[in-house]
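>>> Sequence plus predicted model, see below.
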Amino acid sequence: MPVSISPEFQPRAPTFKQDVQLISLVSLAHMVSHFSQLLLPPLFPWLKDDFSASYTELGFLMTVFFIVSCAVQAVSGFFVDRMGPRPILFAGLALLGLSCVGYALSSDYWMLVFFAVLAGVGNGVFHPVDYTLINRRVSASRLGHAYSAHGISGSLGWAVAPALVVGLTLAFSWRIALLAAAALVFAVLLVLVLQRQKLDLPPVTAAPSEAGDKAMDFLRIPAVWMCFGFFFTYAIALGLVNAFAPEAARQLHDVPLSLVAICLSVYMLASAAGMASGGFLAVNPARSEKVVVTGFSLAVGMSLWLALAQVPAAIVPVLFGLMGFVSGLAAPSRDLLIKSATPANASGRVYGVVYSGLDIGQALSPLMFGWMMDSGHFQLVLLGLALMQGLLVLSALSIQRVRRDPPALQGA
(Lines give C-alpha, C1' and ligand atoms only; values in the text may rest on other atoms or scores of the structure.)
Protein backbone atom coordinates (compact mmCIF):
# COMPACT_ATOMS: atom_id res chain seq x y z
CA MET A 1 0.00 0.00 0.00
CA PRO A 2 1.63 3.31 -1.01
CA VAL A 3 2.03 5.67 1.90
CA SER A 4 3.24 9.21 2.44
CA ILE A 5 5.23 10.19 5.50
CA SER A 6 5.19 13.70 6.88
CA PRO A 7 8.37 15.53 5.79
CA GLU A 8 9.34 16.53 9.33
CA PHE A 9 9.65 12.87 10.27
CA GLN A 10 12.55 11.27 8.44
CA PRO A 11 13.01 7.60 9.39
CA ARG A 12 16.52 6.72 10.41
CA ALA A 13 18.17 3.81 12.16
CA PRO A 14 17.46 4.22 15.89
CA THR A 15 20.36 4.24 18.31
CA PHE A 16 20.48 2.02 21.39
CA LYS A 17 19.64 5.04 23.58
CA GLN A 18 16.62 5.94 21.45
CA ASP A 19 15.34 2.37 21.59
CA VAL A 20 15.71 2.24 25.37
CA GLN A 21 13.92 5.56 25.80
CA LEU A 22 11.00 4.58 23.59
CA ILE A 23 10.65 1.12 25.13
CA SER A 24 10.70 2.64 28.62
CA LEU A 25 8.00 5.20 27.85
CA VAL A 26 5.74 2.68 26.09
CA SER A 27 6.20 0.17 28.92
CA LEU A 28 5.34 2.83 31.50
CA ALA A 29 2.07 3.52 29.69
CA HIS A 30 1.34 -0.21 29.42
CA MET A 31 1.87 -0.62 33.16
CA VAL A 32 -0.89 1.95 33.76
CA SER A 33 -3.24 -0.02 31.50
CA HIS A 34 -2.82 -3.20 33.55
CA PHE A 35 -2.85 -1.16 36.76
CA SER A 36 -6.32 0.12 35.86
CA GLN A 37 -7.63 -3.41 35.29
CA LEU A 38 -7.07 -4.48 38.91
CA LEU A 39 -8.09 -1.34 40.77
CA LEU A 40 -11.65 -2.31 41.67
CA PRO A 41 -11.55 -6.09 42.41
CA PRO A 42 -9.38 -5.75 45.56
CA LEU A 43 -11.87 -3.14 46.84
CA PHE A 44 -14.97 -5.30 46.39
CA PRO A 45 -15.38 -6.04 50.15
CA TRP A 46 -15.55 -2.30 50.89
CA LEU A 47 -17.63 -1.39 47.84
CA LYS A 48 -20.07 -4.18 48.68
CA ASP A 49 -20.84 -2.62 52.05
CA ASP A 50 -20.87 1.03 50.98
CA PHE A 51 -23.06 0.51 47.91
CA SER A 52 -25.14 -2.43 49.22
CA ALA A 53 -24.11 -4.32 46.08
CA SER A 54 -23.77 -8.05 45.53
CA TYR A 55 -20.58 -9.65 44.29
CA THR A 56 -22.41 -10.38 41.04
CA GLU A 57 -23.13 -6.68 40.60
CA LEU A 58 -19.54 -5.79 41.43
CA GLY A 59 -18.26 -8.43 39.02
CA PHE A 60 -20.48 -6.87 36.36
CA LEU A 61 -18.35 -3.72 36.63
CA MET A 62 -15.37 -5.68 35.29
CA THR A 63 -17.47 -7.28 32.57
CA VAL A 64 -18.54 -3.80 31.46
CA PHE A 65 -14.94 -2.61 31.60
CA PHE A 66 -13.60 -5.40 29.38
CA ILE A 67 -16.51 -5.40 26.89
CA VAL A 68 -16.10 -1.66 26.31
CA SER A 69 -12.32 -2.03 26.15
CA CYS A 70 -12.73 -4.78 23.55
CA ALA A 71 -14.95 -2.65 21.31
CA VAL A 72 -12.68 0.39 21.62
CA GLN A 73 -9.55 -1.67 21.03
CA ALA A 74 -10.88 -3.00 17.73
CA VAL A 75 -11.76 0.53 16.55
CA SER A 76 -8.90 2.55 18.02
CA GLY A 77 -6.35 0.85 15.80
CA PHE A 78 -7.84 2.65 12.79
CA PHE A 79 -7.47 6.00 14.57
CA VAL A 80 -3.88 5.12 15.53
CA ASP A 81 -3.01 4.49 11.89
CA ARG A 82 -4.77 7.67 10.71
CA MET A 83 -3.83 10.11 13.48
CA GLY A 84 -0.61 8.62 14.82
CA PRO A 85 -0.32 6.85 18.19
CA ARG A 86 0.69 9.75 20.43
CA PRO A 87 -2.62 11.70 20.68
CA ILE A 88 -4.54 8.44 21.12
CA LEU A 89 -2.20 7.38 23.95
CA PHE A 90 -2.61 10.71 25.74
CA ALA A 91 -6.40 10.52 25.44
CA GLY A 92 -6.46 6.99 26.84
CA LEU A 93 -4.36 7.93 29.87
CA ALA A 94 -6.49 11.02 30.53
CA LEU A 95 -9.68 8.92 30.48
CA LEU A 96 -8.18 6.38 32.90
CA GLY A 97 -7.22 9.17 35.28
CA LEU A 98 -10.68 10.72 35.09
CA SER A 99 -12.32 7.35 35.69
CA CYS A 100 -10.27 6.87 38.88
CA VAL A 101 -11.45 10.25 40.14
CA GLY A 102 -15.01 9.29 39.16
CA TYR A 103 -14.81 6.00 41.06
CA ALA A 104 -13.62 7.87 44.15
CA LEU A 105 -16.47 10.39 43.97
CA SER A 106 -19.25 7.93 43.11
CA SER A 107 -22.31 8.07 45.33
CA ASP A 108 -24.23 5.10 43.91
CA TYR A 109 -23.66 1.88 41.99
CA TRP A 110 -24.66 3.25 38.60
CA MET A 111 -22.02 5.96 38.85
CA LEU A 112 -19.49 3.16 39.22
CA VAL A 113 -20.91 1.54 36.08
CA PHE A 114 -20.60 4.81 34.15
CA PHE A 115 -16.98 5.27 35.13
CA ALA A 116 -16.25 1.61 34.35
CA VAL A 117 -17.41 2.41 30.81
CA LEU A 118 -15.11 5.46 30.76
CA ALA A 119 -12.20 3.37 32.03
CA GLY A 120 -12.89 0.73 29.39
CA VAL A 121 -12.68 3.38 26.67
CA GLY A 122 -9.35 4.57 28.04
CA ASN A 123 -7.94 1.07 28.42
CA GLY A 124 -8.89 0.09 24.86
CA VAL A 125 -6.23 2.21 23.12
CA PHE A 126 -3.02 0.82 24.61
CA HIS A 127 -2.18 -2.27 22.57
CA PRO A 128 -2.71 -0.63 19.14
CA VAL A 129 -0.67 2.36 20.31
CA ASP A 130 2.10 0.40 22.00
CA TYR A 131 2.74 -2.10 19.25
CA THR A 132 2.57 0.52 16.51
CA LEU A 133 5.28 2.52 18.28
CA ILE A 134 7.39 -0.56 18.99
CA ASN A 135 7.08 -2.11 15.54
CA ARG A 136 7.75 1.13 13.65
CA ARG A 137 10.33 2.77 15.92
CA VAL A 138 12.42 0.04 17.58
CA SER A 139 15.27 -1.56 15.65
CA ALA A 140 14.63 -5.13 14.53
CA SER A 141 17.49 -6.54 16.59
CA ARG A 142 15.89 -5.26 19.80
CA LEU A 143 12.25 -6.10 19.08
CA GLY A 144 12.34 -9.21 21.27
CA HIS A 145 13.60 -7.18 24.23
CA ALA A 146 10.95 -4.53 23.53
CA TYR A 147 8.17 -7.12 23.67
CA SER A 148 9.72 -8.56 26.83
CA ALA A 149 9.82 -5.18 28.60
CA HIS A 150 6.28 -4.45 27.44
CA GLY A 151 4.99 -7.70 28.94
CA ILE A 152 6.92 -7.28 32.20
CA SER A 153 5.48 -3.79 32.68
CA GLY A 154 1.97 -5.21 32.39
CA SER A 155 2.67 -7.81 35.06
CA LEU A 156 4.08 -5.09 37.32
CA GLY A 157 0.92 -3.04 36.82
CA TRP A 158 -1.18 -5.99 37.94
CA ALA A 159 1.06 -6.41 41.00
CA VAL A 160 1.11 -2.73 42.00
CA ALA A 161 -2.64 -2.06 41.87
CA PRO A 162 -3.82 -4.38 44.68
CA ALA A 163 -0.91 -3.45 46.93
CA LEU A 164 -1.53 0.27 46.50
CA VAL A 165 -5.32 0.40 46.83
CA VAL A 166 -5.64 -2.13 49.66
CA GLY A 167 -2.81 -0.53 51.64
CA LEU A 168 -4.26 2.96 51.33
CA THR A 169 -7.79 1.72 52.01
CA LEU A 170 -6.68 0.11 55.26
CA ALA A 171 -4.80 3.27 56.23
CA PHE A 172 -7.39 5.82 55.06
CA SER A 173 -10.36 4.84 52.86
CA TRP A 174 -11.09 3.33 49.47
CA ARG A 175 -11.93 6.77 48.12
CA ILE A 176 -8.49 8.09 49.10
CA ALA A 177 -6.94 4.98 47.54
CA LEU A 178 -8.64 5.63 44.20
CA LEU A 179 -7.70 9.32 44.25
CA ALA A 180 -4.09 8.22 44.81
CA ALA A 181 -4.45 5.88 41.82
CA ALA A 182 -5.70 8.83 39.75
CA ALA A 183 -2.67 10.86 40.84
CA LEU A 184 -0.38 8.06 39.66
CA VAL A 185 -2.10 7.87 36.27
CA PHE A 186 -1.90 11.63 35.75
CA ALA A 187 1.76 11.63 36.84
CA VAL A 188 2.55 9.08 34.13
CA LEU A 189 0.59 11.18 31.61
CA LEU A 190 2.66 14.23 32.59
CA VAL A 191 5.91 12.30 32.09
CA LEU A 192 4.83 11.19 28.63
CA VAL A 193 3.69 14.69 27.65
CA LEU A 194 7.07 16.08 28.69
CA GLN A 195 8.78 13.35 26.64
CA ARG A 196 6.33 13.62 23.74
CA GLN A 197 9.01 14.15 21.09
CA LYS A 198 10.31 10.65 21.77
CA LEU A 199 6.84 9.29 20.98
CA ASP A 200 6.50 11.13 17.68
CA LEU A 201 5.29 8.97 14.83
CA PRO A 202 3.39 10.31 11.83
CA PRO A 203 0.11 8.81 10.71
CA VAL A 204 0.08 6.44 7.78
CA THR A 205 -1.50 8.22 4.79
CA ALA A 206 -2.75 5.99 2.04
CA ALA A 207 -2.75 7.15 -1.54
CA PRO A 208 -6.26 8.10 -2.81
CA SER A 209 -6.48 4.95 -4.89
CA GLU A 210 -5.87 2.89 -1.77
CA ALA A 211 -8.51 4.55 0.39
CA GLY A 212 -11.90 3.21 1.40
CA ASP A 213 -12.33 -0.53 1.39
CA LYS A 214 -8.57 -1.12 1.10
CA ALA A 215 -8.22 -0.13 4.77
CA MET A 216 -10.15 -3.29 5.64
CA ASP A 217 -8.12 -5.67 3.48
CA PHE A 218 -6.14 -6.88 6.47
CA LEU A 219 -9.32 -8.58 7.75
CA ARG A 220 -9.02 -11.07 4.90
CA ILE A 221 -5.70 -12.38 6.19
CA PRO A 222 -6.36 -15.76 7.91
CA ALA A 223 -3.36 -15.33 10.22
CA VAL A 224 -4.93 -12.18 11.73
CA TRP A 225 -8.01 -14.12 12.85
CA MET A 226 -5.89 -17.00 14.09
CA CYS A 227 -3.95 -14.51 16.20
CA PHE A 228 -7.28 -13.17 17.48
CA GLY A 229 -8.28 -16.71 18.46
CA PHE A 230 -4.92 -17.22 20.14
CA PHE A 231 -5.40 -14.19 22.37
CA PHE A 232 -9.00 -15.08 23.10
CA THR A 233 -7.85 -18.48 24.37
CA TYR A 234 -4.88 -16.98 26.20
CA ALA A 235 -7.20 -14.58 28.03
CA ILE A 236 -9.47 -17.40 29.17
CA ALA A 237 -6.45 -19.27 30.55
CA LEU A 238 -5.14 -16.13 32.26
CA GLY A 239 -8.58 -15.43 33.73
CA LEU A 240 -8.64 -18.94 35.16
CA VAL A 241 -5.26 -18.43 36.80
CA ASN A 242 -6.26 -15.03 38.20
CA ALA A 243 -9.68 -16.03 39.54
CA PHE A 244 -10.02 -19.75 40.19
CA ALA A 245 -6.91 -21.91 39.75
CA PRO A 246 -5.27 -21.18 43.14
CA GLU A 247 -8.50 -21.86 45.03
CA ALA A 248 -9.14 -25.03 42.98
CA ALA A 249 -5.64 -26.25 43.84
CA ARG A 250 -6.28 -25.49 47.52
CA GLN A 251 -9.42 -27.60 47.52
CA LEU A 252 -7.72 -30.52 45.74
CA HIS A 253 -4.47 -30.57 47.70
CA ASP A 254 -5.42 -29.16 51.13
CA VAL A 255 -3.17 -26.15 50.67
CA PRO A 256 -3.11 -23.71 53.61
CA LEU A 257 -4.61 -20.31 52.92
CA SER A 258 -1.24 -18.69 53.58
CA LEU A 259 0.23 -20.60 50.63
CA VAL A 260 -2.78 -20.08 48.37
CA ALA A 261 -2.42 -16.34 48.83
CA ILE A 262 1.03 -16.35 47.25
CA CYS A 263 0.27 -18.64 44.29
CA LEU A 264 -0.89 -15.78 42.06
CA SER A 265 1.96 -13.50 43.16
CA VAL A 266 4.49 -16.26 42.45
CA TYR A 267 2.90 -16.87 39.04
CA MET A 268 3.08 -13.18 38.08
CA LEU A 269 6.64 -12.67 39.29
CA ALA A 270 7.81 -15.85 37.58
CA SER A 271 5.97 -14.78 34.43
CA ALA A 272 7.87 -11.48 34.47
CA ALA A 273 11.16 -13.38 34.86
CA GLY A 274 10.15 -15.61 31.96
CA MET A 275 9.39 -12.59 29.79
CA ALA A 276 12.83 -11.15 30.54
CA SER A 277 14.46 -14.41 29.46
CA GLY A 278 12.12 -14.78 26.49
CA GLY A 279 13.32 -11.48 25.09
CA PHE A 280 16.63 -13.14 24.24
CA LEU A 281 14.91 -16.08 22.55
CA ALA A 282 12.78 -13.74 20.45
CA VAL A 283 15.84 -12.18 18.83
CA ASN A 284 15.55 -14.85 16.12
CA PRO A 285 12.09 -14.64 14.46
CA ALA A 286 12.57 -18.01 12.77
CA ARG A 287 12.16 -19.86 16.06
CA SER A 288 9.25 -17.87 17.47
CA GLU A 289 6.72 -20.65 16.81
CA LYS A 290 8.93 -23.27 18.49
CA VAL A 291 9.35 -21.11 21.59
CA VAL A 292 5.59 -20.50 21.87
CA VAL A 293 4.75 -24.16 21.35
CA THR A 294 7.40 -25.34 23.84
CA GLY A 295 6.41 -22.81 26.51
CA PHE A 296 2.71 -23.58 26.49
CA SER A 297 3.28 -27.33 26.14
CA LEU A 298 5.24 -27.20 29.39
CA ALA A 299 2.43 -25.11 30.94
CA VAL A 300 -0.03 -27.88 29.98
CA GLY A 301 2.14 -30.33 31.90
CA MET A 302 2.05 -28.16 35.04
CA SER A 303 -1.74 -27.83 34.89
CA LEU A 304 -2.23 -31.58 34.40
CA TRP A 305 0.12 -32.26 37.31
CA LEU A 306 -1.98 -30.01 39.54
CA ALA A 307 -5.23 -31.58 38.31
CA LEU A 308 -4.36 -35.28 38.32
CA ALA A 309 -1.42 -35.94 40.64
CA GLN A 310 -1.13 -36.04 44.41
CA VAL A 311 0.84 -32.86 45.02
CA PRO A 312 2.23 -31.87 48.44
CA ALA A 313 0.84 -28.53 49.53
CA ALA A 314 4.28 -26.88 49.62
CA ILE A 315 4.87 -27.78 45.96
CA VAL A 316 1.69 -26.10 44.67
CA PRO A 317 3.14 -22.54 44.62
CA VAL A 318 6.26 -23.95 42.95
CA LEU A 319 4.15 -25.41 40.14
CA PHE A 320 2.35 -22.10 39.72
CA GLY A 321 5.73 -20.40 39.52
CA LEU A 322 6.98 -22.83 36.88
CA MET A 323 3.75 -22.40 34.92
CA GLY A 324 4.14 -18.63 35.03
CA PHE A 325 7.78 -18.80 33.95
CA VAL A 326 7.23 -20.96 30.86
CA SER A 327 4.15 -18.94 29.87
CA GLY A 328 6.14 -15.72 30.23
CA LEU A 329 9.02 -17.23 28.28
CA ALA A 330 6.71 -17.63 25.29
CA ALA A 331 5.25 -14.10 25.45
CA PRO A 332 7.88 -12.11 23.45
CA SER A 333 7.95 -14.78 20.73
CA ARG A 334 4.14 -14.69 20.71
CA ASP A 335 4.23 -10.96 19.94
CA LEU A 336 6.84 -11.54 17.24
CA LEU A 337 4.56 -14.16 15.74
CA ILE A 338 1.78 -11.58 15.44
CA LYS A 339 4.11 -9.00 13.95
CA SER A 340 5.00 -11.48 11.22
CA ALA A 341 1.30 -11.70 10.30
CA THR A 342 0.88 -7.90 10.19
CA PRO A 343 0.86 -6.10 6.81
CA ALA A 344 3.09 -3.06 6.47
CA ASN A 345 1.55 0.15 7.86
CA ALA A 346 -1.42 -1.62 9.45
CA SER A 347 -0.05 -2.23 12.95
CA GLY A 348 -2.72 -0.21 14.73
CA ARG A 349 -5.60 -1.96 12.96
CA VAL A 350 -4.19 -5.47 13.29
CA TYR A 351 -3.21 -5.18 16.94
CA GLY A 352 -6.53 -3.52 17.74
CA VAL A 353 -8.47 -6.47 16.33
CA VAL A 354 -6.10 -9.17 17.60
CA TYR A 355 -5.90 -7.85 21.16
CA SER A 356 -9.65 -7.36 21.38
CA GLY A 357 -9.65 -11.14 21.80
CA LEU A 358 -7.82 -10.59 25.07
CA ASP A 359 -10.64 -8.44 26.47
CA ILE A 360 -13.37 -10.80 25.27
CA GLY A 361 -11.66 -13.79 26.87
CA GLN A 362 -11.18 -11.98 30.17
CA ALA A 363 -14.85 -10.97 30.19
CA LEU A 364 -16.09 -14.52 29.48
CA SER A 365 -13.66 -16.61 31.54
CA PRO A 366 -15.44 -16.14 34.89
CA LEU A 367 -18.80 -17.00 33.29
CA MET A 368 -17.40 -20.13 31.62
CA PHE A 369 -15.78 -21.66 34.68
CA GLY A 370 -17.45 -20.01 37.67
CA TRP A 371 -20.19 -22.66 37.73
CA MET A 372 -17.55 -25.38 38.08
CA MET A 373 -16.25 -23.70 41.22
CA ASP A 374 -19.77 -23.24 42.60
CA SER A 375 -20.48 -26.94 41.93
CA GLY A 376 -17.24 -28.14 43.53
CA HIS A 377 -15.73 -29.47 40.28
CA PHE A 378 -12.25 -28.24 41.17
CA GLN A 379 -10.41 -30.84 39.13
CA LEU A 380 -12.38 -29.82 36.03
CA VAL A 381 -11.25 -26.22 36.53
CA LEU A 382 -7.59 -27.23 36.35
CA LEU A 383 -8.26 -29.59 33.45
CA GLY A 384 -9.98 -26.68 31.72
CA LEU A 385 -6.82 -24.63 32.24
CA ALA A 386 -4.75 -27.41 30.66
CA LEU A 387 -7.21 -27.54 27.75
CA MET A 388 -6.92 -23.81 27.11
CA GLN A 389 -3.12 -24.00 27.19
CA GLY A 390 -3.22 -26.95 24.79
CA LEU A 391 -5.38 -24.91 22.40
CA LEU A 392 -2.69 -22.21 22.50
CA VAL A 393 -0.20 -24.76 21.21
CA LEU A 394 -2.52 -25.71 18.35
CA SER A 395 -3.19 -22.04 17.58
CA ALA A 396 0.53 -21.26 17.32
CA LEU A 397 1.02 -24.19 14.94
CA SER A 398 -1.91 -23.00 12.83
CA ILE A 399 -0.49 -19.47 12.62
CA GLN A 400 2.84 -20.97 11.55
CA ARG A 401 1.19 -22.98 8.80
CA VAL A 402 -0.80 -20.04 7.43
CA ARG A 403 2.19 -17.71 7.53
CA ARG A 404 4.09 -20.11 5.30
CA ASP A 405 1.25 -20.35 2.80
CA PRO A 406 1.99 -17.44 0.43
CA PRO A 407 -1.50 -17.21 -1.18
CA ALA A 408 -3.10 -16.76 2.24
CA LEU A 409 -1.01 -13.70 2.93
CA GLN A 410 -1.02 -12.27 -0.53
CA GLY A 411 -4.80 -12.16 -0.66
CA ALA A 412 -4.72 -8.90 1.26
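Done, it's in. Numbers count the residues shown, from 1 in each chain.

>>> any idea whether residue 39 is helix, strand or coil?
With DSSP: H, G, I helix; E, B strand; the rest coil as the basis, residue 39 sits in coil.

>>> what sits against it?
Contact partners of residue 39, counting by Cβ atoms under 8 Å, 6 or more residues apart in numbering, are 100, 103, 161, 165, 178, 181. From N, CA and C alone the C-beta is placed, and that goes for glycine too.

>>> please redo it, this time with the cut-off set to 6 Å
Applying Cβ atoms under 6 Å, 6 or more residues apart in numbering, we find residue 39 in contact with 161, 165, 181.

>>> Redo the residues you listed as TSV? Include neighbour count.
Shown next, in TSV, are the contacts of residue 39 (neighbours: other Cβ atoms under 10 Å):
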residue	neighbour count
161	23
165	25
181	26
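
>>> Now go through those residues and say which are in helices.
Counting by DSSP state H, these place 161, 165, 181 in helices.

>>> of all those, which comes closest to residue 283?
residue 161 (31.4 Å; Cβ to Cβ).

>>> Does that closest one touch residue 35 like I think?
Yes. Between residue 161 and residue 35 there is a contact under Cβ atoms under 6 Å: 4.8 Å.

>>> mind giving me the domain ranges of the protein?
The record's domain parsing of the chain by automatic domain parsing lists 15-197, 218-403.

>>> Helices of the stretch 301-412 of the chain, start to end?
316-340, 347-374, 378-403, 406-410 (DSSP state H, counting those that start in this stretch).

>>> Would you format these as a markdown table with mean neighbour count included?
Supplementary listing: the helices of the stretch 301-412 of the chain in a markdown table, determined by neighbours: other Cβ under 10 Å:
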| stretch | mean neighbour count |
| --- | --- |
| helix 316-340 | 25 |
| helix 347-374 | 22 |
| helix 378-403 | 20 |
| helix 406-410 | 11 |
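
>>> would you turn the ones you listed into JSON lines with mean pLDDT and distance to residue 87?
Supplementary listing: these in JSON lines, determined by pLDDT from 0 to 100; distance: least, Cβ to Cβ, whole Å:
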{"stretch": "helix 316-340", "mean pLDDT": "87", "distance to residue 87": "23"}
{"stretch": "helix 347-374", "mean pLDDT": "78", "distance to residue 87": "12"}
{"stretch": "helix 378-403", "mean pLDDT": "88", "distance to residue 87": "32"}
{"stretch": "helix 406-410", "mean pLDDT": "42", "distance to residue 87": "31"}
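
>>> Could you tell me whether residue 14 really is in a helix?
No. If the criterion is three-state DSSP, then residue 14 is coil and not within a helix.

>>> how close does the spatially closest residue to it that is not a sequence neighbour sit to residue 121?
Of all residues not flanking residue 14 in the chain, residue 139 sits nearest, at 5.1 Å (Cβ to Cβ, 6 or more residues apart in numbering). Plainly put, residue 139 is 33 Å away from residue 121 if you go by Cβ to Cβ, to the nearest Å.

>>> Compare those two (neighbour count), which wins?
For residue 139 versus residue 121, the count of surrounding residues by other Cβ atoms under 10 Å is larger for residue 121: 21 against 13.

>>> and the angle for the host helix or strand of that one with helix 347-374?
Using DSSP states H and E, residue 121 maps to helix 109-123. On the basis of axes from the mean of the first three to the mean of the last three Cα atoms, to 10 degrees, helix 109-123 is oriented at 140 degrees to helix 347-374.

>>> what about stretch 68-88, distance to the chain center?
Distance, stretch centre to chain centre, for stretch 68-88: 15 Å (Cα atoms, centre = their mean, to the nearest Å).

>>> and it, which residues are buried?
Across stretch 68-88, burial judged by 16 or more other Cβ atoms under 10 Å covers 68-81, 83-88.

>>> And the strands in this protein, which stretches?
Along the chain, the segments classed as strands by DSSP state E run 3-4, 205-206.

>>> ok, of those, where does mean pLDDT dip lowest?
When these are ranked by mean pLDDT, strand 3-4 comes last with a mean of 42.

>>> can I get the domains of the chain in JSON lines with distance to residue 203?
Shown next, in JSON lines, are the domains of the chain (distance: least, Cβ to Cβ, whole Å):
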{"stretch": "domain 15-197", "distance to residue 203": "4"}
{"stretch": "domain 218-403", "distance to residue 203": "9"}
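
>>> Can you flag the weakest of those by average pLDDT?
When I compare those, domain 218-403 is least confident, with a mean of 84.

>>> centre of the chain versus that one, how much separation?
11 Å.

>>> quick one: contacts for the closest residue to residue 145 other than its chain neighbours?
Nearest non-adjacent residue to residue 145, counting by Cβ to Cβ, 6+ apart: residue 279, 4.2 Å away. If you count contacts by Cβ under 6 Å, 6+ apart, residue 279 has them with 144-145, 148, 332.

>>> Looking at these, which one is closest to residue 262?
The closest of the contacts of residue 279 to residue 262 turns out to be residue 148 (Cβ to Cβ; 24.1 Å).

>>> returning to what we had before: please identify which two of the contacts of residue 279 are farthest apart in space.
Largest pairwise distance in the contacts of residue 279, by Cβ to Cβ, is 7.8 Å, between 145 and 332.

>>> now for the helix holding residue 121, which elements pack on it?
helix 16-37, helix 55-83, helix 85-105 (3 or more Cβ pairs under 6 Å, 6 or more residues apart in numbering; DSSP states H and E).

>>> Good, we can wrap up now.
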